[in-house]
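Undergrad: quick one: sequence and predicted model below, then my questions.
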Amino acid sequence: MMRLLATTICAALVLGSCTKDNQTSEFRVGLVTPGSIADAAWNSGAFAGLQQIRDSLGVAVSHVEARTPAEQEEALRTYAAQGYSLVFGHGFEFQGSAERVSQQFPATIFVVTSGERVARNVSPLIFRLHEASYLAGMVAGGMSRTGTIAFVGGIELPPIKLAEDAWVAGARRMNPAIVPRSTYLNTFDDVAAGREAALALLQAGADMFHHNADQAALGTFQAVKESPAAFIFGANLDQSSLAPERVLGSAVIDLPRAFLTVAREAKAGGFVPKVESFGLRSGVIRYDPNPALLATVPAPLQAAVSAARDSIIAADTGATAARPAQ
Amino acid sequence: MPQDPQLRSHGHALRTPLLALGIGLAVLVLGLATAGYPPLPALAALWRGALGSPDAILSALLPRAIPLILIGLGIGLAFRAGAFNIGAEGQFYAGAIAATWVGLALGTWPRLVAVPTVLLAGFAAGLAWAAVPALLRVRFGVLEVISTLLLNFVAEALVSWMVLGPLQESKHTYPQSDPLPWAARLPQFPGSRLHLGLLVALCLALALWLFGRRTLAGFQLRAVGLSPAAARVMGGVRPERFFAAALLVSGAFAGLAGASEVSGTTFALFQNLSPGFGFTGIAVALLARLHPLGIVATGLLFAGLEAGAGAMQRDAGVPAVAVYVVEAVVILTIVLADPAARRAGAAATDPASR
Amino acid sequence: MDLLETFLTAAVRVATPLLLAALGETIAERAGVINLGIEGAMLAGALGAALGATAGGPLLGVAAATAAGLCISLLFAVVAVRFRANQIITGTAVTLAAVGLTGAIYRDAYGAEGVGLSLPTLGILPVPGLSRIPVLGEALFAQSALTYAAYLLVACCWWLLYRTSWGLGLRAAGEAAEHARASGVAVARVRMIAVLIGGALAGLAGASLVLAQVGTFAEKMTAGRGFIAIAIVVLGGWHPVRVALAALFFGAAMALQFLFQSFLLGVPYQLFLMLPYLLTLLVLAGAWGRTRAPGDLGRS
Amino acid sequence: MPAALLTLTAIRKRYGSTEALKGADFSLARGEIHALLGENGAGKSTLMKIAFGLVQPDGGRILVDGAEVIIRNPLAARRLGIGMVHQHFTDIPVFTVAENIALAAGWPPSGRGLRDRVRRLAEEAGLPLDPDALAGELSAGLRQRLEVLKALAGHARILLLDEPTSVLPPSEADTFLGLVQRLRDRGVATVLITHKLQEALAVADRITVLRAGEVIQTGAAQSERPETLATAMLGTAPARPAPRIRAAVGEVVINARDLAIPGAAGGGTGIRNASFQVRAGEVVGLAAVEGNGQRELLRALAGLARPARGTIQVTGPVSFIPEDRTSEGQIGELSLTENLVLSQGRAAPWAQHGWLDWPAAGRRAGELLERFDIRAPGPDVAAERLSGGNQQRQIIANAMERRPRVLLAENPVRGLDLRATAEVYDRLRRAAAEGAAVLVHLPDLDDLLDVADRILVLAAGELIPMPEGAGRDLIGRTMLGTRGQAAAG
């Protein structure tokens, strides 16, 4: 058994050195997602971005799904070893592994979505989705009849917690007495959990919902749809289509646009690693109201939301703050 | 010299796994072709990802194999004694949690002392986690198949609490622990992700092989697994002791795997540390007919399949889910084609163990 | 609706898929087969329900789910019963295959990036009169048709196991296969059918998850409910009525978890996630630990 | 001669390399008791399992009522009116009597209707039995009664009894045979498989002798004589019992005082009170009806069970030969060498400080093959590949290898043919001659009287020593003594 093993490994090493990876100088882009790209949210948005890079820039792209930290690091590393020029690690969890891998592969640019630190060739991509969630919260605060609003989160990750806090702050601005409730599902997969959480929150009196739970939130939409007086705000994508009668608006990250911006810059050469931070000002982050329900939102409230958006954009100096203040 | 029955048919022992692998690949090719992916580039990618370059071997194949081998060794031992441990997943997390806890506290220790201490912590925690089903079985007659399964869910909730609570990193934002200090990290092979855990796994495989083949206790353990009644009546041993000890050690090995993963690969605790090692480990052990050296080979096989699957996604655009089907087909072919693997399991699932 | 009623209603709703799957597993285990593949059968049922409902409404969804569960468990039955391969390992592999297949088919049918499927669901059907009973009425009798089906199936399973000669033969096959054979029970066939019934019910459980609970499909959405069902069977001592109570207990524990989170802050919610499993272990170690498993369970 | 009820013609059956049946013919007439006589392994059970659909023949024909039938499974057999009582109990221990009968008869197991039906069946057959009792909690005699009821439940006209008395004490065996005769009078034709000549001669109308898969002779019972039957069974004249070696009785090596041992799960009385001594050099017989504590006593002496009360002093190495060869006496998957290593534990010369010297163990196993005349290809062959007699020789060899001061044997001849049985008895006597104290339990009282120097009776948890020279009748009555239930039921 051992001898066979040794022979196999030796043979593989020999063969391996023959079939050396074609390390061309061609510009190639890799994407590593922490979950299924069929989630209609965080990961599928990144995949859409990758495809846009392929179509707009005419470069070769590749995608890998890696669910555990070990696999994620391996995936980043393998792309770099194969000579990819730009590799996206789609989530804060890639920060540590990107930093480790980058030291060995200085020629590759690593972009960590929702990352936090800049290294020589590691660039975090920060989406200030909370700016849009804040606007959604304002609408919710102004519209809530019960005075209770609810947030359904997947796992308590920093960007998700930020979005929750901004949502609550927005609602408070319109109604200081608002009661915020929240539930974390500890999963992004379990749709039924998303629905049960929403039903419990409805019982707690909530009539305005926001989420950041990817595909598990599909259950939240379902619960809201079945409850007569409740409304929900989408996250990451424009989710109006999930429940056209009940989605007042969505806090949107235009991932394709952001990915394309970064890739174009990298392809042009002279990419300087920095914190790429996108807020409302960039147009990558948007609060998209559902046009079908726009009429139900009182005009003064709409005006207040517009004003708030303008002032957030005005306050954004374009400087690349490392992290938005918490 | 009387032969170890496990080695009696050398050629035959290898034939079935290879056959199964062949059939698994054939099913993969068929599936790819029907789904519209050109099979040849996909297979080429599979090879590249698993064994295609020194880098693939050192940074993808071998690091992936380490936890699989360690867990497989433990499960193999437990099954031999007739203890059906399907809780390696939970024991792995218990080990990872303990190793992180200890590792974070040892920043100032010399590495030569700190690393073994970290591994030992994982070992002990896995053992303790397995002590619950062992105790429940021996004292209360609760089937370990059930209790180990239940404890997996508890461990998953526990690790989730740890990374958001007591062990959360110092800024209290990310659901992960602080990175382990350098002193608590297993040394890595320069320029690769391969770490010293492999050596530990190989040594343990060798030790287990010697234990099973050359020691009275190892032989008695196998006898207990084959027939607890005969081992008790003829051999004068206490089957429940061997049963419990095997369950404990098997948990300890899974805990050690958790420690080695934290200390050698991820350097921090995460709640999604395991992609299902505990269940793949069962396949690894059974596929090798519970033979410790065979487990090294089958651990590498499954690691190769998974590393290759990554490459199939990367280079050939094959969806990630395809690899689940391939693994399933390989396992099913083996249990179908190999009466010995079938029997190994049969003895192990005998819940009565009377 | 007050808090208690909401909680009880949620408990029954959450318990329904667990109960359906656990009932099926009870039958299989009573025949001596432990089928870890029901997690896969449930997932296949969920996808079947989604495909069926997309094509022809909720009823077709239910039918397709049952068929999908049946297909997956047929694979298990052939390998583990016909060829007598190890049941645990076969079940694990079958679940793995189901995860892969459902993912591939889902991506093929609805696109690689997924969609937020919104499926026609089975609505709530309050039973006239009964649903007015204070406290429990709403919880037990204002549910979807599949919950009532589950109640009915509890009675059916009980009747099948304890009141028919086929059920007697099935229990004999699970207790002592050799002796049952000597008494004229066609053990392999009985086990095969028991596994298929279990698969069909697991498929139905998937349907209830998709069509009665969430109205959508997502990859791996069963999230371990099949394994929980196995724990429920043990907790219920392999008896349909007690299994139903155990399923309700698990449902209640899960519902409680969400309720607590939405009302209490600062308590680590993971503690609630652990609760049902720890309680099951305690119960197993305590009074019900004496409940005997079928004598030949797991022996192929 | 009227058409036979059941006819088996030219039945052939092969298991791997051994030919179990080489074209056997057998016929059962209406209303007769037909004894099927033969050594173990002669093919008696296989022939009857074929008639009951449990085994499919490789060739030959089966006729019921003169019409050819194919019996695919026991269900089909039952439809033809055939019922069978197996050598071992085949009930489901956790089922009630009623449920067990319903299972065999294909009746729906619903409550009161079933209970009445079972009660009626039991009364008609003259075999009263509580329908609600759990099968696993019945005494051996009652459990055998249940087996017969199960066989009769489907209106059986043909009853196949496979060594039905082997699990019964002498008096219950007589009762049972009386019952078979009563059933004949009600029109049930019976095949009685046995290897006991006396039994066949006592109740059968006709006797067929099977040897090595072939029918040697068949004829009316009145015209048979034991000697000719024995010759037909064995092929040669029966072996004469070896001359008894009388050893010098030495010191006390087993000393038990005021023992109380709880009964094993699933029935049995256990031991309530026992004090006795056994000396080196003597063979002591333990006479007891199944389930009267002999199992518990032997196991306690072997150190496998702890007494609830009292003391046991046992000197020197103890060897124990359990009743169930295949499940306790050895591990079939392991080789002879490995079984030897297992049985010797850490005291063996090849186990130094816990490390095993396999070559040394293998050499010793080879020597034992020769010394104990074990016919095996070599010490590396798996124990399960040996014949029953050779397996038992190997178990005895392993037991003797410990050089026991105390040898405990629990029915060490189960399933062995006459020659092998005689050889085992000889080994026990020789062990005593070499200075061991031998305590042996045999279900057959005659054999026990043959082999033992003195008898201890276990009845209802009490140990009663028999005076030397006590006769069969006294011992038999003592065995049943206070235990009325077994006889009356």
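TA: Right, received. Where do you want to start? Residues are numbered from 1 along each chain as shown, chains lettered A, B, ... in the order given.
Undergrad: so which residue is dead centre in chain A?
TA: A centroid search over chain A (Cα atoms, centre = their mean) returns A:W42, at 4.7 Å, as the residue closest to the centre.
Undergrad: so who does B:T108 touch?
TA: B:T108 sits next to B:A183 when contact means Cβ atoms under 8 Å, 6 or more residues apart in numbering or on different chains. Bear in mind the C-beta positions are built from the backbone N, C-alpha and C, glycine included.
Undergrad: what residue, apart from its backbone neighbours, is nearest the residue nearest to the centre of chain A spatially?
TA: Among residues not flanking A:W42 along the chain, A:D214 sits closest, at 5.2 Å (Cβ to Cβ, 6 or more residues apart in numbering or on different chains).
Undergrad: that neighbour against A:T187, yeah?
TA: No - the pair A:D214 / A:T187 is not scored as a contact, 9.5 Å apart, by Cβ atoms under 8 Å.
Undergrad: compare those two (neighbour count), which wins?
TA: More crowded of A:D214 and A:T187, by other Cβ atoms under 10 Å in any protein chain shown: A:D214, with 28 against 20.
Undergrad: okay, the more buried one and A:D189: tell me how far apart.
TA: 8 Å (Cβ to Cβ, to the nearest Å).
Undergrad: sorry, back to before: between A:D214 and A:T187, what contacts are shared?
TA: Shared contacts of A:D214 and A:T187, defined by Cβ under 8 Å, 6+ apart, are found at A:G154.
Undergrad: need the overlap of contacts for A:D214 and A:D189.
TA: A:G35.
Undergrad: where does the chain dip in pLDDT?
TA: Going with chain A. A:1-25, A:317-326 (pLDDT under 70).
Undergrad: the intended chain is chain C.
TA: Applying pLDDT under 70 to chain C flags the ranges C:1, C:112-116, C:262-267, C:287-292, C:299-300.
Undergrad: roughly how far apart are the residue of it found nearest chain B and C:L36?
TA: In chain C, the residue that lies nearest chain B is C:N86 (2.7 Å; Cβ to the nearest Cβ). C:N86 sits 11 Å away from C:L36, going by Cβ to Cβ.
Undergrad: repeat that for C:P58.
TA: From C:P58 to C:L36 the distance is 29 Å (Cβ to Cβ).
Undergrad: which element is A:Y134 on?
TA: helix A:129-143 (DSSP states H and E).
Undergrad: and for C:G295?
TA: Counting by DSSP H and E, C:G295 is part of no helix or strand.
Undergrad: that one touches C:E175, doesn't it?
TA: Yes - using Cβ under 8 Å, C:G295 makes contact with C:E175 at a distance of 4.4 Å.
Undergrad: for chain C, which segments count as helices?
TA: Shown for chain C, the helices assigned by DSSP state H span residues C:3-30, C:38-76, C:87-110, C:136-141, C:145-163, C:165-175, C:177-182, C:187-207, C:225-235, C:240-263, C:270-285.
Undergrad: then the stretch 51-200 of chain B?
TA: Counting by DSSP state H, counting those that start in this stretch, the stretch 51-200 of chain B has helices at residues B:54-55, B:62-80, B:88-105, B:111-140, B:144-164, B:197-214.
Undergrad: and the third one, C-alpha only, in PDB?
TA: As requested, C-alpha coordinates have been extracted for helix B:88-105 and formatted as PDB (Å, rounded to 0.1, in the frame of the first residue of the first chain):
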ATOM      1  CA  ALA B  88     -16.400  12.900  14.200                       C
ATOM      2  CA  GLU B  89     -17.700  16.200  12.900                       C
ATOM      3  CA  GLY B  90     -18.600  17.300  16.400                       C
ATOM      4  CA  GLN B  91     -15.400  15.900  17.900                       C
ATOM      5  CA  PHE B  92     -13.500  17.800  15.200                       C
ATOM      6  CA  TYR B  93     -15.100  21.000  16.300                       C
ATOM      7  CA  ALA B  94     -14.500  20.300  19.900                       C
ATOM      8  CA  GLY B  95     -10.800  19.800  19.100                       C
ATOM      9  CA  ALA B  96     -10.700  23.000  17.100                       C
ATOM     10  CA  ILE B  97     -12.300  25.000  19.800                       C
ATOM     11  CA  ALA B  98      -9.900  23.700  22.500                       C
ATOM     12  CA  ALA B  99      -6.900  24.100  20.300                       C
ATOM     13  CA  THR B 100      -7.800  27.700  19.500                       C
ATOM     14  CA  TRP B 101      -8.400  28.500  23.200                       C
ATOM     15  CA  VAL B 102      -5.100  27.000  24.300                       C
ATOM     16  CA  GLY B 103      -3.200  28.400  21.200                       C
ATOM     17  CA  LEU B 104      -4.300  31.900  21.900                       C
ATOM     18  CA  ALA B 105      -3.100  31.700  25.500                       C
END
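Undergrad: I'd like the mean pLDDT over that helix, please.
TA: Across helix B:88-105, the average pLDDT comes to 96.
Undergrad: list the buried residues of that helix.
TA: Buried residues in helix B:88-105, counted by 16 or more other Cβ atoms under 10 Å in any protein chain shown: B:88-104.
Undergrad: would you quantify the distance from the residue of chain C closest to chain B to chain A?
TA: C:N86 is 22 Å from chain A, where distance means Cβ to the nearest Cβ, to the nearest Å.
Undergrad: near chain B, which residues of chain D?
TA: The interface of chain D toward chain B, taken as Cβ under 8 Å from any Cβ of the partner chain, is made up of D:302-304, D:320, D:322, D:327-331, D:333-335, D:337-339, D:341-343, D:345-346, D:351, D:354-356, D:358-359, D:361-362, D:379-380, D:382, D:395, D:398.
Undergrad: are any of these buried, and if so which?
TA: D:302, D:304, D:320, D:322, D:327-331, D:333-335, D:337-339, D:341-343, D:351, D:356, D:358, D:361-362, D:379-380, D:382, D:395, D:398.
Undergrad: identify whichever of the helices of the stretch 51-200 of chain B lies nearest to D:A151.
TA: Ranking the helices of the stretch 51-200 of chain B by proximity to D:A151 (Cβ to Cβ) places helix B:144-164 first, at 36.8 Å.
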